[in-house]
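**Student:** coordinates only, sequence not included:
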């Protein structure tokens, strides 16, 4: 029930049975940009064809102080636990959207907490997949889509130590996952805007990466393209 969706509750409208939701943005009125965003009540949504045993919302550090914090996202991890047949372990799905418009310190603190959390879940014997918008460029992303607009927004850079030993960073640089919103989308104009690869996944050592591919939807549904992941759980 927000201005951007014309009052339509998307989760209820879709009627998804197996899902988990974590609010990360609630504000009576967001006064920026122009025209302003208006009322916001939104968050992260994870959907599944399989049973979700339970889910948790884990708050992430906020780099903003009041009053700026009042109109900004309250970043979090949405952690869903899917039971595995004939096992006491879970497939742990971490849905994330890390900081975008900070000076970099917020991203660093949030990424550190993410790394510590996924490592702790793996040490319990669980299978872990963390994915979403990191707002940080994946390796090779700058080579494929060099930043030629220093005056426009820039994401951070994925730190070298984001992946614990034995873990896999899964991403695809063949197609950009995100475009800048400095102008209306024009696929023929690549000189006046910027593209990035900032969406992907982290897989624990007991999750085998089969394929990962960014689907070129032409940014039809948002300023991001979806990233499709195919994995196999490695049973001990």
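**Tutor:** That came through, no problem. Predicted model, so just to flag it, every value in this text is computed and none were measured.

**Student:** only C-alpha atoms from now on, for both contacts and neighbour counts.
**Tutor:** Fine.

**Student:** so the closest residue in space to residue 187 that isn't next to it in sequence versus residue 198, what's the distance?
**Tutor:** Ranked by CA to CA, 6 or more residues apart in numbering and with sequence neighbours excluded, the top spatial neighbour of residue 187 is residue 218, at 7.8 Å. Taking CA to CA, to the nearest Å as the measure, residue 218 falls 16 Å from residue 198.

**Student:** more neighbours: which of the two?
**Tutor:** residue 198 (26 against 17; other CA atoms under 10 Å).

**Student:** for that one, give me its contacts.
**Tutor:** 133, 134, 135, 136, 137, 138, 155, 177, 178 (CA atoms under 8 Å, 6 or more residues apart in numbering).

**Student:** what comes up buried for the longest helix belonging to the chain?
**Tutor:** Secondary structure of the chain per DSSP state H: the longest helix is helix 105-123. In terms of neighbour count (16 or more other CA atoms under 10 Å), helix 105-123 has its buried residues at 106-111, 113-115, 118-119, 121-122.

**Student:** buried set for the next helix or strand after it?
**Tutor:** Next in sequence after helix 105-123, counting helices and strands by DSSP states H and E, comes strand 127-133. For strand 127-133, the neighbour count (16+ other CA under 10 Å) marks 127, 128, 129, 130, 131, 132, 133 as buried.

**Student:** any idea how far residue 199 is from the last one?
**Tutor:** Note on residue 133: its distance to residue 199, by CA to CA, is 5 Å.

**Student:** ditto for the fifth one
**Tutor:** The span separating residue 131 from residue 199 equals 7 Å under the rule CA to CA.

**Student:** lovely, talk soon.
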